[in-house]
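S.K.: Quick one, what's the 3D model for this:
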Amino acid sequence: DIQVLQQALKDSNGNLELAVAFLTAKNAKVPQQEEATYYQTALPGNDRYISVGSQADTNVIDLTGDDKDDLQRAIALSLEESNRAFRETGITDEEQAISRVLEASIAENKASLKRTHPEVWSDSPNPYDRKRQDDCPVGLKNVGNTCWFSAVIQSLFNLLEFRRLVLNFNAPANAQDLPRNQKEHRNLPFMRELRYLFALLVGSKRKYVDPSRAVEILKDAFKSNDSQQQDVSEFTHKLLDWLEDAFQIKAEEERDGEKPKNPMVELFYGRFLAVGVLEGKKFENTEMFGQYPLQVNGFKDLHECLEAAMIEGEIESLHSENSAKSGQEHWFTELPPVLTFELSRFEFNQALGRPEKIHNKLEFPPILYLDRYMHKNREITRIKRDEIKRLREYLTVLQQRLERYLSYGSGPKRFPLVDVLQYALEFASSKPVCTSPVDDLDASAPSSGTLPAQTTPSTIEQQGPSSSDVPSTSPVQRSVIHKPFTQSRIPPDLPMHPAPRHITEEELSVLEGCLHRWRTEVENDTRDLQESISRIHRTIELMYSDKTMVQVPYRLHAVLVHEGQANAGHYWAYIYDHHQNRWMKYNDISVTKSTWEELERDSFGGYRNASAYCLMYINDKEQYLMQEEFNKETGQILVGMDTLPSDLRDYVKEDNKRFEKELEEWDTELAQKAQQEKLLSQIPRAPAPSPAPVQAGEPEYLEQPSRTDLSKHLKEDSVQAINKALSEQEDRGPEAIMDMAIKLEYTRLLKLAQEDPPPECDYRLRHAIVYFIQNQAPKKIIERTLLEQFGDHNLSFDERCRNIMKVAQAKLEMIKPDEVNMEEYERWHQDYRNFRETTMFLMVGLEFFQKKSYMEALLYLIYAYQNNKELLSKGPYRGHDEELISHYRRECLLKLNEHAAALFESGDDQEVNNGLIIMNELIVPCLPLLLVDEMEEKDIVAVEDMRNRWCSYLGQEMEPNLQEKLTDFLPKLLDCSTEIKGFSDPPKLPSYSTHELCERYARIMLSLSRTPADGR
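M.R.: Now for the predicted structure:
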């Protein structure tokens, strides 16, 4: 069906591979509107994915079958169409692809393209917000999906030699007489606008300037109706081509019979020699290069990428006469002063029919030595490469041998051999037993009969208090098993280690001697292997560090970063300030100081969707590249406006006058408003109504409950223990009764600590002692806490309890300062208060979540997670289940993000603003909290989902006011910084009694167990 094929080509944005992919899919049909939008946002990574712009005609080929010949014919037909289009228009497919993004970027800004001060999008009405501070670099306004333009232009502008070439460019004197061909019609006006833009970046008093005129020239060069975000490397390549053409016109005018020199070629282009063998025949040829492409997939650093790019196939034949293998080597014969590496981070997924981004980590150095790739060093480099190859082969053998020591055994589970020998030695040295491990089961079981049928032997730790004031118990051991909320409990006593049944002293002596000797031998062998491996690694690292191989240094000048997926995203640049010796981050209108550490985090890739896409290095020995200009008469450095030619100086002064007029008008307007407010303030006003009284019954809110508040609920527990002690020892004095009561209370709490209740019952909330026992608090801390419980004034309600309270208080006074560390004591109780507070944050947050009050729930869950994380850093039993809190915090953010996106899509001004308020005040400040922990993969995926949701709008048509707001908002959302911004104060918590807290906690946890929670 011709109409189906034409619709497919249209909906796939002219991309033949995408059209074929959906036409050949099962039950192929015309994509719905959402699918068409998705295809239109796909960002091709190279020419293979660029639209040929042809329409289906009478030569339509049926691609719905399985005939591969039809597919080949279709590809041939598309190429024929592409070639015919080029012959007719003189415009290449690449140029058509660039025009797609420019059309949309400029169409919405036609009203602001006049040379007078433009009314740019999302400008603050207060011009002082747009005023340049001191000598801070000037930013570039994103005028609609043009962050790629800003990143490239800022990188080139900060190359002082390039800046000088552009600023001092003069159009040919006979420009009007030259043939008005397409190149000249495009390049010379673009150079004029680029000069104006560079001049504003030098001397403007604005914080940022509008590049619309320069972008308009790019758009006018081609005609297209498509809109998508442009590829940085493709744009850089085309930009340098245009500049080269413009300078070539000037160079040919001034050549005086000599071969003209093009400064763009001199600055950005180098040469390499390709030497190789093809089917047994040697060949050698020289080629010119500009941006040098490098594959990222499968490599860990820039040198590995370069090594792979410089060698193709089998190259042994280059050194011998007999081999007939094919291969080639590349050797740089002439490096450009500015060397740009294009990192290939996009690949086409044939199964999904769309490009995908490669997120692999790739490291690159601030100083790159290129001696090993130079033709003049080829002989020594070949020797070193052979040596590295030999060392790596030897390294592989050593690593395999070491692995046999570190993973010993023949079964599925393997262990280090030295540990195996140590375990055997410990087993042999254990005290022999003559009975079966189950013979004494009944005798060792507690009276409650709760001993499990099977007990796994494990390393044990003694736990619990032991003093004259606390009952004497056998050592309590615990098996560390993580369980949500309840955590693990202390099991009953475990039996002794497994041991031999029968072993003689002579057998033990021989066995111990052998095991000791073997263990020592294995340790020595392992150490020798590890040292040898380290030495080889070090040798390989230093292979190119000798003096002859560090003569061609290139310093990293700029890193262009892409954040997002292949179909959408955001660009910014890190640029090195060679005079201040610091890194700067250029993110559209925002220009800020940065660090190498931040650059590494955002540029290396590996765990986020941000990674370097283009690296710009400059020859560190060519000082002229970054050298300041000097006044020929005075010898002083020229800065700012003094570096501009006279015509550009006048242009910038005019623009600055317009901006100063804006400032004056703003000041006048403010003065008028102040005068009006002063007059209004003199008019008498009716008194404001008094605030309504607080209704009775509302809970009292506390910043943080004190320990005395927590101790009130202990009165009932203490009285029960005292009554039970009195019933058992009626005729004893107060001190003995108190000792017995404390022992009974401790036994009760110890039993709670050992139990494994359901998630809704967390006994740690009932008593601090349960929390202390589970977290192995020192026994002196537990003893003093129990004495304080029984010495509390709440027990003074009758004579018997009052006597016991006095005894407890007297014992507290007798404790010497060196017996209990009061600072440590206070820390433990503060941790327990923090635990209860965290529980309340979690509980209230989950209650709001279940009511679908996600905004209210988010702040509580954020503080619950942060406080809980701090608690868990001190021990695994100090807080709650981190994964569960993380899940509900993440769900809150995702639901709020969807809600905000729905408000944005509505198009209503009020709802759009409300959606952006949610994003700016709730979502964006929370993103660093999710990104700061690289191990939380689900959080990182959630952040990428939220960002991709908004990035998906980049390729869609929308009203200019929506585009303006989206352009202003996206850089904040896509900022990779993990710097945690300040939040509002923690929400106040109601002061619950222990009974209320346990009851509400149980209720919310029970409701969670009944409600499916994805991701728990």
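
S.K.: Low-confidence regions, the stretch 1-150 of the chain specifically.
M.R.: For the stretch 1-150 of the chain, the stretches with pLDDT under 70 are 1, 3, 10-123, 145.

S.K.: what bits of the stretch 551-700 of the chain have low per-residue confidence?
M.R.: Low-confidence segments of the stretch 551-700 of the chain, defined by pLDDT under 70: 566-568, 680-700.

S.K.: What of the stretch 901-1016 of the chain?
M.R.: 934-935, 955, 976-984, 1009-1016.

S.K.: Give me the three-state assignment for residue 573.
M.R.: Here residue 573 is strand, with the state taken from DSSP: H, G, I helix; E, B strand; the rest coil.

S.K.: neighbours around it, how many?
M.R.: Number of residues near residue 573 (other C-beta atoms under 10 Å) recorded here: 23. C-beta here means a position set from N, CA and C on the backbone, and glycine is covered the same way.

S.K.: Just give the nearest non-adjacent residue to residue 736, would you?
M.R.: residue 729 (6.1 Å; C-beta to C-beta, 6 or more residues apart in numbering).

S.K.: Ok, residue 147 next?
M.R.: Using C-beta to C-beta, 6+ apart, the nearest residue to residue 147 is residue 571, at 4.4 Å.

S.K.: Let me know the distance separating the one you found from residue 199.
M.R.: 24 Å (C-beta to C-beta, to the nearest Å).

S.K.: Check the gap between the residue lying farthest from the centre of the chain and residue 805 for me.
M.R.: Each residue of the chain has a distance to the centre, and by C-alpha atoms, centre = their mean the biggest one is for residue 731: 69.9 Å. Remark: distance between residue 731 and residue 805 (C-beta to C-beta) = 20 Å.

S.K.: for the strand or helix carrying residue 669, the distance to its chain's centre please.
M.R.: Following DSSP states H and E, one finds residue 669 within helix 646-681. Helix 646-681 sits 42 Å away from the centroid of its parent chain (C-alpha atoms, centre = their mean, to the nearest Å).

S.K.: start at 29 instead
M.R.: New numbering, starting at 29: the last item is helix 674-709.

S.K.: Which elements pack onto that helix?
M.R.: With contacts defined as 3 or more C-beta pairs under 8 Å, 6 or more residues apart in numbering; DSSP states H and E, the packing partners of helix 674-709 are helix 210-231.

S.K.: The helix it packs on: which residues count as buried?
M.R.: Residues of helix 210-231 classed as buried by neighbour count (16 or more other C-beta atoms under 10 Å): 211-212, 214-231.

S.K.: Can I get it in CSV, CA atoms only?
M.R.: Below are the C-alpha coordinates for helix 210-231, written out as CSV (Å, rounded to 0.1, in the frame of the first residue of the first chain):
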residue,chain,number,x,y,z
GLN,A,210,25.5,29.2,-1.8
LYS,A,211,28.6,28.9,0.3
GLU,A,212,29.4,32.6,0.2
HIS,A,213,25.8,33.5,0.8
ARG,A,214,25.9,31.4,4.0
ASN,A,215,29.5,31.7,5.3
LEU,A,216,30.2,35.4,5.1
PRO,A,217,27.0,36.5,6.9
PHE,A,218,27.6,33.8,9.5
MET,A,219,31.1,35.1,10.2
ARG,A,220,29.7,38.6,10.6
GLU,A,221,27.2,37.4,13.2
LEU,A,222,29.8,35.3,15.0
ARG,A,223,32.0,38.4,15.3
TYR,A,224,29.2,40.3,16.9
LEU,A,225,28.4,37.4,19.2
PHE,A,226,32.1,37.1,20.3
ALA,A,227,32.3,40.8,20.8
LEU,A,228,29.3,40.7,23.2
LEU,A,229,30.9,37.8,25.0
VAL,A,230,34.0,40.0,25.5
GLY,A,231,32.5,43.3,26.6
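
S.K.: looking just at contacts, which helices and strands does it meet?
M.R.: Packed against helix 210-231, as judged by 3+ C-beta pairs under 8 Å, 6+ apart, are the following elements: helix 175-185, helix 188-195, strand 236-237, helix 240-249, helix 260-281, helix 674-709.

S.K.: Tell me which of the ones you listed sits nearest to residue 561.
M.R.: helix 260-281 (38.4 Å; C-beta to C-beta).

S.K.: and residue 648, how many neighbours does it have?
M.R.: Neighbours around residue 648, by other C-beta under 10 Å: 18.

S.K.: can you tell me how far residue 945 sits from residue 927?
M.R.: From residue 945 to residue 927 the distance is 12 Å (C-beta to C-beta).
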